[in-house]
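**Q** coordinates only, sequence not included:
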RNA sequence: GGGGCUGUGGGGUAGCCUGGUAGCCUUUCAGGUUUGGGACCUGACGACCCCGGUUCAAAUCCGGGCAGCCCCA
């Protein structure tokens, strides 16, 4: 039996060998298939794509509520446009996939991001302040020829995201948008998906290529390393100036557009959903995201098969009418135990077991994935499942928040900071500066501690005191230092 | 960016050192018996990552490539 388990289920524990756990769970829960064999490109299977589809819906719903409109833009960018904004060029050209000689000698880039597609269109679409704000987004695949250290979904050469590109008539409006973007991350990724994050205003040396400033969301992986999730950028007028995208303001004067960009990488957020909630039996998916919210496993013998299946179908259609994503697993080749293991591996929140016993008592056996508790539920109580789903997600969120809280610790000396990083935590540190003059200390952090200065907390002006532990100058900022993916 | 390890049916592996018959478990398919936490019987399908070299002969030795994983910066 142990042998069998090792072949079909997970054979590592999440907290003993996280890396191997991640590899196994993504493959065995049928999220990914990496066997196509092109470095940095992975295949997302129906179970993974189903989760991603739900993630898209939550994000898009929130974005649309805030006035964003959907678009679909080309996947290629002319060299001329991609290279118009100088800092953007420096930051991105090393990792661009070029398509050569396909268009009368014109070089085209597979988009690494689409500022240089939206801005020229803003120039055409926006004439006056009355056209503003213009808030657009798209679902897109983007391509970046990233380092050799690719990892499925975590760091790939192609990933799936939503990118928002917004244009405003003033810097104030644009900055408000940056705040709104942070709020969307909070509402959707944290509150709905149960993935907590630190909104980090990145240091000057770590902002998006072409941005005035960048706020990234840092989430924890179980090994204590950080992974960047949605980031939002104040582009200011850098791109509009590069493209000559002007509008006529209220005073009748020409002015360059103020733009922002926000990019939740959905395929990467899936990593955080998987790694934040999963356990030694496999995935645990939030009720809101799981492609199947309740699976029904009928338990029958040759004699009562018809009766049990009929009852199961009845309950299945009842659940579907309640709007619950339901799957009836009536496969008669597999035994119930095998089905339990498989659906637990896939992370389905609830399971209903129906057999002779349940039919007699007019109830079902109700299993909950995170607590692994089985209870009896009256058939008339099935309508409670959606609210149990909300409680399910609340439990996941609370659990994630708790472990998140314990991951941040104050450190006042290099020694202390190293210890914090070595125990899989993030250090909160008084630091000289996040402007250019701080870069030397940041390099010390990288070289000697293997850590990164991730930035300052975006929404609260944390007061620094004392001296920078690396250069001894007065500390102007409170920064967070962590190791990262 | 630097280094290390690995690559055998769909998955997990044995064989590699010492060159010569690719073995096992599982999955899948067919039939039958089963079905309350990974069922059993019978039968079948299915593999040496790619390119080159050495050799009478390469899964095995050598070189290169590709891919995956790990460690360090």
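**A** Perfect, thanks for sending it. Computed from a predicted structure; not experimentally measured.

**Q** give me the neighbour count for the residue of the stretch 1-150 of chain A at minimum distance from RNA strand B.
**A** Proximity of the stretch 1-150 of chain A to RNA strand B (CB to the nearest atom of the strand) peaks at residue A:9, 2.4 Å away. For glycine as for every other residue, the C-beta is placed from the backbone atoms N, C-alpha and C. Counted with other CB atoms under 10 Å, residues neighbouring residue A:9 total 16.

**Q** could you pull up the residues touching it?
**A** Residues near residue A:9 by CB atoms under 8 Å, 6 or more residues apart in numbering: A:28, A:281, A:282, A:341, A:345.

**Q** I'd say the first one and residue A:345 touch.
**A** Yes - when contacts are counted by CB atoms under 8 Å, residue A:28 is listed as touching residue A:345 (6.0 Å).

**Q** which residues are common contacts for these two?
**A** Residues within reach of residue A:28 and of residue A:345 at once, by CB under 8 Å, 6+ apart, are A:9, A:10, A:282.

**Q** could I get the residues you listed as TSV with pLDDT, distance to residue A:448 and secondary structure?
**A** Listed next are the shared contacts of residue A:28 and residue A:345 as TSV, based on pLDDT from 0 to 100; distance: CB to CB, whole Å; DSSP: H, G, I helix; E, B strand; the rest coil:
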residue	pLDDT	distance to residue A:448	secondary structure
A:9	82	42	coil
A:10	89	36	coil
A:282	96	39	strand
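
**Q** state the helix or strand in which the most centrally placed residue in chain A lies.
**A** Geometric centre of chain A, nearest residue: residue A:269, 1.6 Å, by CA atoms, centre = their mean. In this structure, residue A:269 sits in helix A:266-277 according to DSSP states H and E.

**Q** ditto for residue A:177
**A** Per DSSP H and E, residue A:177 falls inside helix A:171-184.

**Q** circling back to that earlier point, I'd like the distance between the residue of the stretch 1-150 of chain A closest to RNA strand B and residue A:282.
**A** 7 Å (CB to CB, to the nearest Å).

**Q** identify the contacts common to those two.
**A** Overlap between the contact sets of residue A:9 and residue A:282, as judged by CB under 8 Å, 6+ apart, is given by A:28, A:345.

**Q** any chance of CSV for the contacts of residue A:9, columns distance to residue A:192, secondary structure and neighbour count?
**A** Shown next, in CSV, are the contacts of residue A:9 (distance: CB to CB, whole Å; DSSP: H, G, I helix; E, B strand; the rest coil; neighbours: other CB atoms under 10 Å):
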residue, distance to residue A:192, secondary structure, neighbour count
A:28, 26, helix, 19
A:281, 23, coil, 17
A:282, 21, strand, 25
A:341, 28, helix, 17
A:345, 23, helix, 20
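
**Q** which parts of the stretch 1-150 of chain A are helices?
**A** For the stretch 1-150 of chain A, helices defined by DSSP state H, counting those that start in this stretch occupy the ranges A:2-8, A:18-28, A:46-65, A:79-82, A:86-92, A:115-125.

**Q** buried stuff in the last one?
**A** Which is helix A:115-125. For helix A:115-125, the buried set under the neighbour-count rule, 16 or more other CB atoms under 10 Å, comprises A:115, A:116, A:117, A:118, A:119, A:120, A:121, A:122, A:123.

**Q** surely the last one meets residue A:245?
**A** Yes - the pair residue A:123 and residue A:245 passes the contact test of CB under 8 Å, sitting 3.9 Å apart.

**Q** just to revisit the earlier point, how about the contacts made by the residue nearest to the centre of chain A?
**A** Under the criterion of CB under 8 Å, 6+ apart, the neighbours of residue A:269 are A:55, A:189, A:193, A:195, A:229, A:230.

**Q** ok, it to residue A:51 distance?
**A** In terms of CB to CB, residue A:269 sits 10 Å off from residue A:51.

**Q** how about the residues of the stretch 251-400 of chain A near RNA strand B?
**A** For the stretch 251-400 of chain A, the contact set with RNA strand B under CB under 7 Å from any atom of the strand comprises A:299-302, A:305, A:332-338, A:340-342, A:344-345, A:353, A:355-358, A:365, A:367, A:372, A:374.

**Q** just to be sure, residue A:383 is in a strand?
**A** No - counting by DSSP: H, G, I helix; E, B strand; the rest coil, residue A:383 falls outside a strand, being helix.

**Q** that one: neighbouring residues, count only.
**A** Counted with other CB under 10 Å, the neighbours of residue A:383 add up to 13.

**Q** packing partners of the helix holding residue A:177?
**A** helix A:46-65, strand A:158-168, strand A:213-220, strand A:226-236, strand A:258-263 (3 or more CB pairs under 8 Å, 6 or more residues apart in numbering; DSSP states H and E).

**Q** most packed of the ones you listed?
**A** Comparing the helices and strands packed on helix A:171-184 by mean neighbour count (mean count of other CB atoms under 10 Å), strand A:258-263 ranks first with a mean of 26.

**Q** my guess is residue A:248 contacts residue A:257. True?
**A** No - using CB under 8 Å as the test, residue A:248 is too far from residue A:257 to be in contact (11.3 Å).

**Q** mind checking which of those two has more residues around it?
**A** residue A:257 (27 against 16).

**Q** separation between that one and residue A:278?
**A** Per CB to CB, residue A:257 is found 43 Å from residue A:278.

**Q** repeat for residue A:210
**A** Applying CB to CB, the value for residue A:210 to residue A:278 is 36 Å.

**Q** so which of those two has more stuff around it?
**A** Per other CB under 10 Å, whichever of residue A:210 and residue A:278 has more neighbours is residue A:210, with 25 against 22.

**Q** which parts of the helix holding residue A:177 are buried?
**A** By neighbour count with 16+ other CB under 10 Å, helix A:171-184 contains the buried residues A:174, A:175, A:177, A:178, A:180, A:181, A:182, A:184.

**Q** now those residues as a markdown table including pLDDT?
**A** Formatted as a markdown table, those follow (pLDDT from 0 to 100):
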| residue | pLDDT |
| --- | --- |
| A:174 | 98 |
| A:175 | 98 |
| A:177 | 98 |
| A:178 | 98 |
| A:180 | 98 |
| A:181 | 98 |
| A:182 | 98 |
| A:184 | 98 |
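
**Q** near RNA strand B, from those?
**A** Of those, not one also sits near RNA strand B (CB under 7 Å from any atom of the strand).

**Q** need those in a markdown table with distance to residue A:295, can you?
**A** Formatted as a markdown table, those follow (distance: CB to CB, whole Å):
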| residue | distance to residue A:295 |
| --- | --- |
| A:174 | 46 |
| A:175 | 46 |
| A:177 | 41 |
| A:178 | 41 |
| A:180 | 38 |
| A:181 | 36 |
| A:182 | 36 |
| A:184 | 31 |
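
**Q** can you tell me which of these lies closest to residue A:457?
**A** Nearest to residue A:457, judged by CB to CB, of the buried residues of helix A:171-184 is residue A:182 at 11.0 Å.

**Q** show me what contacts that closest one?
**A** Per CB under 8 Å, 6+ apart, neighbours of residue A:182: A:199, A:215, A:217, A:232, A:458, A:459.

**Q** show me the domain layout of chain A.
**A** A:30-277, A:294-389, A:408-482 (automatic domain parsing).

**Q** tell me how far the ends of the second one are from each other?
**A** To tie it back to what came earlier, the one meant is domain A:294-389. Length of domain A:294-389, first residue to last, CA to CA, to the nearest Å: 10 Å.

**Q** kindly report the same for the shortest one.
**A** Taking CA to CA, domain A:408-482 runs 9 Å from one end to the other.

**Q** is it positioned near RNA strand B?
**A** Yes - among the residues of domain A:408-482, A:446, A:447, A:450 lie within reach of RNA strand B under CB under 7 Å from any atom of the strand.
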